[in-house]
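S.K.: Got a predicted structure here, sequence first:
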Amino acid sequence: MADLDLRSITARLEANADVFRALVSGVGDGQARWKPEPDQWSILEVVAHLADEEVEDFRSRVDRTLHRPDAPWDPIDPQGWAIERRYNEGSLAESLDRFLVSRAESVAWLEGLDAPDWTLAHEHPRFGPIRAGDLMTSWLAHDQIHIRQINRLQREFLVASLSGYSPDYAGRW
């Protein structure tokens, strides 16, 4: 099994923060709150979710798994938070800033780790043992999921906004 290269991981987490910043650059309020379907998230909801997940999920759970693997994890409810915390009523700029500040704090925290044991595991009631390395891999994968989601929302908004015109010439989506 390959060992996790902490320097590469933190570099990717930093780069992904720049990707998110670029993806929402120039997004107006209407587009930020727009949803393709009522039960789907808007760009604003995705960014607010990223900010909460950064602190309340990934960083917290990696820390506990590395330093107190037997300690229970605080419960999370990403879907519920979107409604309860009224993500779509917030500010995209403020949500993005909260995410970017939290991501920088996460990177600094990770860079301060001294020879972490990525094989330490927490026993999750649903998923079974989850190693610190699994969490790190999931953290990066979570970024990729939401990068793809924001790209999809950008495209769907474009198509909906310019419904009289076709994007087919651009190529297959």
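M.R.: Done, it's in.
S.K.: and residue 105, how many neighbours?
M.R.: With neighbours defined by other Cβ atoms under 10 Å, the count for residue 105 comes to 13. Glycine gets a C-beta too; all of them are placed from N, C-alpha and C.
S.K.: Same question for the one 3 residues further on.
M.R.: With neighbours defined by other Cβ under 10 Å, the count for residue 108 comes to 10.
S.K.: cool, and the one 5 residues further on?
M.R.: Using other Cβ under 10 Å as the criterion, residue 113 is surrounded by 15 other residues.
S.K.: I'd like to know how far it sits from residue 106.
M.R.: Distance, residue 113 to residue 106, using Cβ to Cβ, to the nearest Å: 11 Å.
S.K.: Quick check: residue 69 is in a strand.
M.R.: No. Residue 69: not assigned to a strand; according to DSSP: H, G, I helix; E, B strand; the rest coil it is coil.
S.K.: buried set for stretch 112-120?
M.R.: With burial defined by 16 or more other Cβ atoms under 10 Å, the residues of stretch 112-120 counted as buried are 116, 118, 120.
S.K.: per-residue confidence averaged over that stretch?
M.R.: Averaging pLDDT along stretch 112-120 gives 95.
S.K.: quick one: contacts of it?
M.R.: Residues outside stretch 112-120 that contact it (Cβ atoms under 8 Å, 6 or more residues apart in numbering): 3, 4, 6, 65, 66, 69, 131, 132, 133, 136.
S.K.: Quick one: list the elements packing against the longest helix seen in the chain.
M.R.: For the chain, the longest helix by residue count, based on DSSP state H, is helix 132-161. On a contact count with 3 or more Cβ pairs under 8 Å, 6 or more residues apart in numbering; DSSP states H and E, helix 132-161 meets helix 6-24, helix 43-53, helix 60-67.
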